[in-house]
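In: Following is a predicted model, sequence given first.
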Amino acid sequence: MSDSVAPARGAETPAPAHETVVEMRGVTKRFGSLAANEAVDLQLFRGEVHALLGENGAGKTTLMNMLFGLLRPDEGEIEIRGERVELDSPRDALAHRVGMVHQHFMLVPDFSVAENVVLGTRSSWDMKLRRRDVESSVAEVADRFGMAIRADQPVADLSIDVQQRVEILKLLYAGAEILILDEPTAVLGPVEVDALFATLRSLAEQGAAIVIITHKLREVTKIADRVTVLRHGKVVSRARRGELAEAELAEAMIGHALPSPPEGEARPAGPAIIEVSGLTVEGDRGEAAIDGVDLELRGGEILGVAGVEGNGQVELCQALCGLRPPRAGSIVVDGADLAGSGPAAFSDAGIGVVSDDRLLWDVIPDFTLADNLALSRVRAGKYSRGGLLNRRAIQRDAEQLLVDYDVRPPDPNALMGRLSGGNQQKVVIARECSAKPQALIASHPTRGLDVGATEFVHRRLVELREEGAGVLLNSTDLDELLALSDRIVVLYRGEVVLEARADSLDVRVVAAAMTAGRGA
């Protein structure tokens, strides 16, 4: 698709019934020689949900960070309700009723809902002396916007989707009418996504202007009234609901048509690489997050693990790579029980890992891309001789991997922390897949990736399977699981409630097992 489809003109014509509440004109932001945004025009209308699409690093979050006061534009201007504004901080943005929910929530787990909602706006003494009044005021706002949230409940006890609603409630309580949500469905299952979209639609009907930054095209066609597509920091396409199909949106994002989905050769799986028996794993609060689970991962298969966030998937994956010792049970790899062993033992046994939190476990932001790519190989002795590192070999291999895995920028000397989240993830995938593991534990490997990068990662996982490796794929994206997996297991409250071949399942059956434990 060329840029002529739903062309990106300098000015948009709002529907007559909609009031323009935000006007961004000619907005440009540079970081050194990189133009993250270049002469971007964007309008937001009252009562609409506006989707902002683009590849990783296309400038979507940068653009919204300027509207939220986290960054200042180098050129251009921003008007809110017809008034030109200078936004120097999120406090300035909130004063103009602009709020933002970030991809990584900013809640204090040990605080109540009410304490989190009013945090920073009331003193601790006020909260102690007038707790009942504060909780009542928070509950009143929640009721007004149709959010079934108890103001006195500790955030740590809430499911991930309710925590997200608390983040939205914080903004509504502060008076925000322009809401920006960065990757709001990244950690949600299908039922939670539907509930979130019902909330967003209700808020729009009450007059809010809502922006969602997302990579999930099916969700865009489901919720968005309008969509703006960015590529390399520029607007390349705009459309209203129903004007563009998913394939056309994907083509606008990446500049070319997507290849056909990866298909592996249908063949029987090989022998078990990992055998799990009676596995019980504690969660962070001492509860049995995994309770007596039996499963096996065989060579030449992709085993999908489905479940609503918080049902034990993270703890299972951490146990299978040595990050979390189990309370009971066995994890046998090549005949050896590694339960209770550390990550080094699992790595030595050929188990690769893409964790659920790359910033915590997978990368070192202050290291270069070359050093991050070399981390596991240095430990294995590949790049050292006589106690000295072969920096030339590290640099050479990194240059090739960055090109092979389409990391942008492909500069081995760039700091990991300077890359977009999607490109950081591609570095992790490059390191783990290129090591040719006999098994890969991949938890949300495409979370936050654009459609092109997602397709690329899918192909790499299928290639590993075709080479005889076993892949355990933990994902909340049911379309992804059903498309890639040979078998699927569903976890509910730490137990396996459904196990079947993927080609015998559909989304409704898996979703029912995820949300109600049906299917055991």
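Out: Cool, got the structure.
In: which ones are touching P73?
Out: V27, T28, K29, N37, M66 (C-beta atoms under 8 Å, 6 or more residues apart in numbering). C-beta: built from backbone N, CA, C; applies to glycine.
In: For the residue lying closest to it once chain neighbours are set aside, pull up the helix or strand it's in.
Out: Nearest non-adjacent residue to P73, counting by C-beta to C-beta, 6 or more residues apart in numbering: V27, 4.8 Å away. Using DSSP states H and E, the element containing V27 is strand 20-31.
In: how near is L449 to D411?
Out: 20 Å (C-beta to C-beta, to the nearest Å).
In: So for these two, which sits in the more crowded spot?
Out: Neighbours were counted for L449 and for D411 using other C-beta atoms under 10 Å; L449 has more, 24 against 16.
In: coming back round to it: where's the residue nearest to P73 relative to I180, distance?
Out: Taken as C-beta to C-beta, the span from V27 to I180 is 15 Å.
In: Which one's more surrounded, those two?
Out: I180 (27 against 22).
In: M100 is in contact with that one, correct?
Out: Yes. Between I180 and M100 there is a contact at 4.2 Å, judged by C-beta atoms under 8 Å.
In: Can you pull the residues that touch both of the two?
Out: Contact criterion C-beta under 8 Å, 6+ apart; residues shared by I180 and M100: M64, L67, F68.
In: Pop the domain breakdown of the chain in here.
Out: 1-97+177-253, 104-174, 272-350+437-516, 363-426 (automatic domain parsing).
In: could I get those as a markdown table with distance to D356 and mean pLDDT?
Out: As requested, those are exported to a markdown table (distance: least, C-beta to C-beta, whole Å; pLDDT from 0 to 100):
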| stretch | distance to D356 | mean pLDDT |
| --- | --- | --- |
| domain 1-97+177-253 | 9 | 87 |
| domain 104-174 | 12 | 87 |
| domain 272-350+437-516 | 4 | 93 |
| domain 363-426 | 11 | 90 |
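In: Show me the helices in the stretch 101-250 of the chain, by range?
Out: Taking DSSP state H, counting those that start in this stretch as the test, the helices found in the stretch 101-250 of the chain are 113-118, 124-129, 131-144, 160-173, 190-205, 217-223, 246-254.
In: Out of the ones you listed, flag the one nearest R508.
Out: Smallest distance to R508 across these (C-beta to C-beta): 9.3 Å, for helix 190-205.
In: Now do that closest one against helix 160-173: the angle between them, please.
Out: 10 degrees (axes from the mean of the first three to the mean of the last three C-alpha atoms, to 10 degrees).
In: buried residues in helix 190-205?
Out: Within helix 190-205, the residues scored as buried using 16 or more other C-beta atoms under 10 Å are P190, E192, V193, A195, L196, F197, T199, L200, L203, A204.
In: Of the helices of the stretch 101-250 of the chain, which stretch is the most buried?
Out: helix 113-118 (a mean of 26; mean count of other C-beta atoms under 10 Å).
In: got the CA positions of it in CSV?
Out: Extracted as CSV, the C-alpha positions of helix 113-118 are listed here (Å, rounded to 0.1, in the frame of the first residue of the first chain):
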residue,chain,number,x,y,z
VAL,A,113,-7.2,2.0,45.7
ALA,A,114,-8.1,5.3,47.3
GLU,A,115,-4.5,5.9,48.5
ASN,A,116,-3.2,5.3,45.0
VAL,A,117,-5.8,7.5,43.4
VAL,A,118,-5.1,10.5,45.7
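In: of the helices of the stretch 101-250 of the chain, which approaches Q425 most closely?
Out: Closest approach to Q425 among the helices of the stretch 101-250 of the chain (C-beta to C-beta): helix 246-254, 16.4 Å.
In: That closest one - contacts with which helices or strands?
Out: In this structure, helix 246-254 makes packing contacts with strand 49-54, helix 217-223, strand 226-231, strand 234-240, helix 451-466, judged by 3 or more C-beta pairs under 8 Å, 6 or more residues apart in numbering; DSSP states H and E.
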